[in-house]
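1. need a 3D model of the following:
(one chain, ligands or ions: 1)
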Amino acid sequence: MPNTEYHPIDLQSVKGTRDFYPEQMKIRNWLFTIWRNTALQFGFEEYDACVLEHAELYTRKAGDEITEQLYSFHDKGGRLLSLRPEMTPSLARMVLQRQKALSFPLKWFSIPQCFRYERMTRGRRREHFQWNADIIGQPAEVAEAEIFSLLLMSCENMGLTSRDIRVFVNDRRILNAILSRINVPDQQQNQVMIVMDKRDKLPADAFAEMLQQQQMTAAQVEQLNDFLSCQSMEELAVEMGDSTGLTSLRQVMEMVAKSGFGDYLQFDVSIVRGLSYYTGTVFEMNVMDKSQRAICGGGRYDSLLSTYGGDSVPAVGFGFGDVVILDVLSDLKKLPSFDNQLEYMVIPFSSEEIGMAVSISNQLRHKGKSVECDCSLKKVKKALQRADELKVQTVVLLFPDELAVGEVVLRDMKTRQQENMTITRLIENAI
Ligand code: HAM
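-> Numbers count the residues shown, from 1 in each chain. Below is the predicted model of the structure:
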């Protein structure tokens with residue numbers, strides 16, 4: 001009887017999301033291991049939260065693009081929930097919940113999967129993993145220096161150098177000072193900065209038009225463009241005098257130079273960041289000519305916790321996504337090759353030897369060896385071909401005649417040399 005209930009399903013993953021087949025999983029694990037180990041090396045502690053949050057956590061401060069990109073829905077209890085688009089609000093929520101009990105400063109990291117309904121372009125998908133590292137409760141610039149050291153040490157652990165990448169840094173207080181200088185009222189400055197963040201992606205006249213929609217005059221737009229064309233902190237200081245932001249950023253730069261990562265940092269007055277909770281240092285990492293979407297972004301956000309109703313706690317950190325960095329490493333041919341690391345493959349000749357094959361495999365595994373027990377009873381030639389494909393180091397062949405005298409045949413897959421060995425010695429030798 002034909003099955004009339006059969007409906008073929010769409011085999012594609014949801015648009016903008018990725019499947020991780022074993023070959024992609026190896027790359028992902030390699031990257032996550034570098035992120036995790038570097039964070040642990042710097043004394044950061046790992047935390048996590050559920051991917052589902054109350055949508056309100058993200059929509060309280062309207063205006064950010066991210067609030068328009070939420071994957072949100074009502075659950076069966078009528079709650080408006082959202083898949084997290086970023087980790088920082090969850091981190092703030094967790095810290096607030098235990099604010100009285102925690103001892104600050106906290107150095108926390110996480111590798112959450114995040115969801116944003118983005119327009120899909122190179123480097124931007126609807127789902128990504130994002131390494132987050134944040135220091136909470138440390139107001140001084142030394143926190144920024146530590147965050148930059150962590151970020152750049154992880155990049156060096158991936159094989160990148162200051163010839164490959166740059167961290168473009170700025171300070172929100174510099175931008176506030178510029179806007180005040182050209183008479184943009186305080187309460188309008190956040191909206192103007194949201195537009196300024198898009199400057200790189202817009203033609204000059206579209207940028208000007210968007211600023212004018214924020215009640216800026218043509219003269220103010222021109223003045224702003226003049227400030228944004230400053231190439232260095234010195235040039236900016238000449239144009240507008242010193243400011244808290246400039247002084248603070250200078251200290252950050254000096255400390256990063258002492259930490260040995262000074263070559264990676266570059267002042268860039270056009271860095272704004274799309275999220276409105278930043279209050280001080282802001283930065284984005286990219287390749288030297290900025291031809292990619294940001295590899296990593298972050299900054300200081302000293303008032304986020306207080307906007308959620310807690311005491312104000314200073315904080316600084318970054319989000320470093322897995323999508324762009326893998327494109328960059330692949331373009332630079334810096335991705336390692338991921339061979340299988342199987343040490344043994346045990347192959348029984350017939351069903352008679354399967355029991356012994358399983359026993360030998362587990363004895364080797366007890367000794368800490370990685371072992372594939374291939375009981376598919378293929379022809380030996382085919383089984384050896386598979387061992388070659390899996391890059392197995394040694395094959396253990398179980399033939400009836402040898403087994404009858406307590407021996408197996410060992411084949412070194414590199415040299416193709418074979419030798420007989422007793423099972424007892426095989427296990428003893430496996431150290
Ligand atoms: P963000 O700039 O929105 O900042 O994202 C940080 C990084 O996540 C980006 O630089 C990029 O690597 C990656 N990313 C973001 N959206 C996508 C996407 N659609 N597809 C692929 N990768 C993406 C934040 O999320 C802040 N919460 C970071 C932070 C932590 N600031 C302080 N602490």
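
2. quick check: pLDDT value at residue 170.
-> On pLDDT, residue 170 comes in at 98.

3. which residue, other than its chain neighbours, is closest to it?
-> Closest residue to residue 170 apart from its sequence neighbours, by CB to CB, 6 or more residues apart in numbering: residue 271 at 4.0 Å. Heads up, the C-betas are built off the backbone N, CA and C, glycines and all.

4. three-state assignment of the one you found?
-> At residue 271 the chain is in coil, as set by DSSP: H, G, I helix; E, B strand; the rest coil.

5. measure it to residue 55 for me?
-> Residue 271 is 29 Å from residue 55, where distance means CB to CB, to the nearest Å.

6. who has more neighbours, the two?
-> residue 271 (26 against 19; other CB atoms under 10 Å).

7. does stretch 128-146 reach the ligand?
-> Yes. Using CB under 6 Å from any ligand atom, we find that stretch 128-146 touches the ligand at 128, 130, 132, 134.

8. please apply the same query to stretch 305-317.
-> Yes. Using CB under 6 Å from any ligand atom, stretch 305-317 reaches the ligand at residue 317.

9. what residue in the stretch 101-250 of the chain comes nearest to the ligand?
-> At 3.6 Å from the ligand, residue 128 is the closest residue in the stretch 101-250 of the chain, using CB to the nearest ligand atom.

10. state which strand of this structure is the longest.
-> If you go by DSSP state E, the chain has its longest strand at strand 127-136.

11. ok so, going back, residues contacting the residue of the stretch 101-250 of the chain closest to the ligand?
-> Each residue near residue 128 by CB atoms under 8 Å, 6 or more residues apart in numbering is listed here: 113-114, 321-323.

12. filter these by proximity to the ligand?
-> Answer for those near the ligand (CB under 6 Å from any ligand atom): 321, 323.

13. taking the contacts of residue 128, please make a PyMOL selection of just the buried ones.
-> Selection of the buried residues among the contacts of residue 128 in PyMOL, burial being defined by 16 or more other CB atoms under 10 Å:
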select buried, resi 114+321+322+323
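
14. what's next to stretch 360-372, contact-wise?
-> So stretch 360-372 is contacted by 341-346, 373, 390, 392, 396, 398, 408, 423, 426-427, 430-431 (CB under 8 Å, 6+ apart).

15. which of these count as buried?
-> Here, 16+ other CB under 10 Å leaves 342-346, 373, 392, 396, 398, 408, 423, 426, 430 buried among the contacts of stretch 360-372.

16. among those residues, which are in strands?
-> 344-346, 373, 396, 398, 408.

17. and the gap between residue 261 and the ligand?
-> As judged by CB to the nearest ligand atom, to the nearest Å, residue 261 and the ligand stand 18 Å apart.

18. could you break this structure into its assigned domains?
-> 22-331, 342-429 (automatic domain parsing).

19. contact partners for the residue lying closest to residue 316 once chain neighbours are set aside?
-> Closest residue to residue 316 apart from its sequence neighbours, by CB to CB, 6+ apart: residue 300 at 4.3 Å. Counting by CB under 8 Å, 6+ apart, residue 300 touches 143-144, 172, 278-282, 314-316.

20. could you redo those as TSV and give each row secondary structure and neighbour count?
-> Output for the contacts of residue 300, formatted as TSV (DSSP: H, G, I helix; E, B strand; the rest coil; neighbours: other CB atoms under 10 Å):
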residue	secondary structure	neighbour count
143	helix	24
144	helix	28
172	helix	24
278	coil	25
279	coil	19
280	coil	23
281	strand	26
282	strand	28
314	coil	21
315	strand	28
316	strand	27
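
21. quick one: which two of the residues you listed are the most distant?
-> Farthest apart among those by CB to CB are 143 and 172. That separation is 15.6 Å.

22. right, and residue 36 touches residue 129 too?
-> No. Look at residue 36 against residue 129 with CB atoms under 8 Å: they stay out of range, at 11.9 Å.

23. residue 355 and the ligand, how far apart?
-> Distance from residue 355 to the ligand, by CB to the nearest ligand atom: 50 Å.

24. helix/strand/coil for that residue?
-> Criterion first, three-state DSSP; result for residue 355: helix.

25. so where's the stretch 1-150 of the chain uncertain?
-> Along the stretch 1-150 of the chain, the model assigns pLDDT under 70 to residues 1-4, 61-63.

26. which parts of it sit against the ligand?
-> Taking CB under 6 Å from any ligand atom as the measure of proximity, the stretch 1-150 of the chain contacts the ligand at 86, 88, 116, 118, 124-125, 128, 130, 132, 134.

27. switch to 5 Å and redo it
-> Residues of the stretch 1-150 of the chain lying close to the ligand (CB under 5 Å from any ligand atom) are 86, 88, 116, 118, 124-125, 128, 130.

28. mind checking the longest helix of the chain?
-> If you go by DSSP state H, the chain has its longest helix at helix 22-41.

29. other residues contacting that one?
-> Under the contact criterion CB under 8 Å, 6+ apart, helix 22-41 has outside partners 18, 20, 46, 109, 111, 129, 131, 133, 150, 153-154, 157-158, 320, 322, 325-326, 335-336, 338.

30. in it, which residues are buried?
-> Applying 16+ other CB under 10 Å to helix 22-41 flags 26-27, 30-31, 34-36, 38-39 as buried.

31. what residues are up against the closest residue to residue 17 other than its chain neighbours?
-> Excluding the flanking residues, the one nearest residue 17 by CB to CB, 6+ apart is residue 127, at 4.5 Å. Contact partners of residue 127, counting by CB under 8 Å, 6+ apart, are 16-18, 113-115.

32. switch to 10 Å and redo it
-> Residue 127 makes contact with 13-14, 16-18, 71, 83, 113-116, 118, 323, according to CB atoms under 10 Å, 6 or more residues apart in numbering.

33. narrow those to those in helices?
-> Among those, the members falling in helices (DSSP H) are residue 323.

34. narrow the contacts of residue 127 to those in strands?
-> 83, 113-115.

35. pull the most distant pair out of those residues.
-> It's 83 and 113 that sit farthest apart of the ones in strands among the contacts of residue 127, by CB to CB, at 8.7 Å.
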